[in-house]
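In: quick one, structure for this:
(chains A, B, C and D)
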Protein chains: 2
Amino acid sequence: MSDKTICPRFESALDILNKRWTGLIIFQLLEGAQRFSTIESVIGISGRVLSERLKDLEKSGIVKREVYNETPVRIEYSLTEKGRALEPVIKSIQQWAEGWMDGESSAK
Amino acid sequence: MSDKTICPRFESALDILNKRWTGLIIFQLLEGAQRFSTIESVIGISGRVLSERLKDLEKSGIVKREVYNETPVRIEYSLTEKGRALEPVIKSIQQWAEGWMDGESSAK
DNA sequence: ACACTTAGTTACATAAAGTAAGTTATTTAT
DNA sequence: ATAAATAACTTACTTTATGTAACTAAGTGT
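Out: All right, here's what the predicted structure looks like:
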């Protein structure tokens, strides 16, 4: 009731995007549908958190989960239209990174 | 030595941007230089974390800290050129948010 | 001396993320 | 038939990050 918020939509967008790993997951899925274990090993996230993030992203309509009954089962995650609409965001971060980051040294 | 990274610059950019509060702090500073207590109350971050974030952002050259010896002392934080270069990123998030988020319901 | 203001910091509590082993279901190997 | 393998998770437990609230330092005003 006293939650003053400077820009509600922007802030709820950040609630999603500003979580650890979300950016990389979306970046990775922009390459196309991928399975759990691929994402896990490519971006180096733990299975526990990847599972959690994918559920969050599915719930917010950014990611779609599809089951293929092959053997062993294949489950693929891909971006929805809403998710693909994030491409300009990712691209703008990339452009900034190319212009201003020096690959090596950084915060951490 | 085994840290496979899909895009080093992009990932180090995310190391900074993808931290909680960083997006909002930059959004807020795009309005102009501001003091600690203003940022703290406007975005609703705790002093402990704000202090930590501002130091990180200063270290990565995104934010500049300036001391004015008035009384009581006034300290202003503002964006450097590198920081202002993030405006397109913030704008693209805003555009996405306007097109795809519905102000209210969202991931918690 | 005492209170007030800004800009922090410190100590402690809670929440989020990392690690590694376990689960379920199905298939292939022995 | 039993054992091992694989994918996609989940569970239990540890470590790290964030939140809360009280406290410090320096300068002014009363």
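In: CA atoms for contacts and neighbours, from now on please.
Out: OK.
In: following the helix or strand bottoming out on mean pLDDT in chain A, which helix or strand comes up?
Out: Lowest on mean pLDDT, DSSP states H and E among the helices and strands of chain A sits helix A:8-17, with a mean of 92. Following helix A:8-17 in sequence order, the next helix or strand is helix A:22-29 (DSSP states H and E).
In: just to revisit the earlier point, and the least confident helix or strand of chain A, C-alpha only, in PDB?
Out: What follows is helix A:8-17, C-alpha atoms only, in PDB (Å, rounded to 0.1, in the frame of the first residue of the first chain):
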ATOM      1  CA  PRO A   8       5.500  -0.400 -12.600                       C
ATOM      2  CA  ARG A   9       5.900  -2.100 -15.900                       C
ATOM      3  CA  PHE A  10       9.600  -1.300 -16.100                       C
ATOM      4  CA  GLU A  11      10.000  -2.600 -12.600                       C
ATOM      5  CA  SER A  12       8.200  -5.800 -13.100                       C
ATOM      6  CA  ALA A  13      10.200  -6.300 -16.300                       C
ATOM      7  CA  LEU A  14      13.300  -5.900 -14.100                       C
ATOM      8  CA  ASP A  15      12.000  -8.400 -11.600                       C
ATOM      9  CA  ILE A  16      12.300 -11.000 -14.300                       C
ATOM     10  CA  LEU A  17      15.300  -9.800 -16.300                       C
END
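In: residues from chain A in reach of DNA strand C?
Out: Within chain A, the positions adjacent to DNA strand C are A:Lys19, A:Arg20, A:Ile45, A:Ser46, A:Gly47, A:Arg48, A:Val49, A:Thr71, A:Pro72 by CA under 7 Å from any atom of the strand.
In: who does the least confident helix or strand of chain A touch, helix- and strand-wise?
Out: helix B:22-29, helix B:87-100 (3 or more CA pairs under 8 Å, 6 or more residues apart in numbering or on different chains; DSSP states H and E).
In: give me the angle between that helix and helix A:87-100.
Out: Counting by axes from the mean of the first three to the mean of the last three CA atoms, to 10 degrees, helix A:8-17 lies at 70 degrees to helix A:87-100.
In: just say which of the helices and strands packed on helix A:8-17 is most tucked in.
Out: helix B:22-29 (a mean of 21; mean count of other CA atoms under 10 Å in any protein chain shown).
In: okay, now A:Phe36: neighbour count?
Out: A:Phe36 has 15 neighbouring residues, counting by other CA atoms under 10 Å in any protein chain shown.
In: understood, closing this out.
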